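Participant: Got a sequence here, can you model it:
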Amino acid sequence: MCLLLESSIGSLDAEELFLRSSRGAAADPVAVDAFLVALASYWRHAGSQSADAMTRWMRARQVRSGEATVKWLRKRWG
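Facilitator: Have a look, this model is predicted:
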């Protein structure tokens, strides 16, 4: 699921890719949602931390990952 979020940052649909896989199709939807909520919380917290010259790129990436995770959740929750 974490790697699929990278596709969501690009132009692919993480939910569609997830459901195409046998594990994704068989996954408990409540567990998937719970994991995505926890992951979104993590990314949002991490992305909100202060950044210096060495971590600026990492904070931006964390913010994008958080946005991609929330986008996936919104799609799942219709």
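
Participant: where in the protein is pLDDT low?
Facilitator: 7-10 (pLDDT under 70).

Participant: Now name the helix or strand holding the residue most central in space within the chain.
Facilitator: For the chain, the residue nearest the mean C-alpha position is residue 69 (2.7 Å; CA atoms, centre = their mean). Assessed by DSSP states H and E, residue 69 sits inside helix 56-77.

Participant: Would you mind listing the buried residues in that helix?
Facilitator: 59, 62, 64-73 (16 or more other CB atoms under 10 Å). Glycine gets a C-beta too; all of them are placed from N, C-alpha and C.

Participant: now, which of the residues you listed sits nearest residue 13?
Facilitator: residue 72 (8.8 Å; CB to CB).

Participant: residues in contact with the closest one?
Facilitator: Going by CB atoms under 8 Å, 6 or more residues apart in numbering, residue 72 touches 5, 8, 14-15, 36.

Participant: Let's see if you can find the most crowded of those.
Facilitator: Taking other CB atoms under 10 Å as the neighbour criterion, residue 14 ranks highest of these with 24 neighbours.

Participant: Stretch 65-78: how far from the chain's middle?
Facilitator: On the basis of CA atoms, centre = their mean, to the nearest Å, stretch 65-78 sits 7 Å off its chain's mean C-alpha point.

Participant: ditto for stretch 30-45
Facilitator: Averaged over its C-alpha atoms, stretch 30-45 has a centre that lies 8 Å from its chain's centre (CA atoms, centre = their mean).
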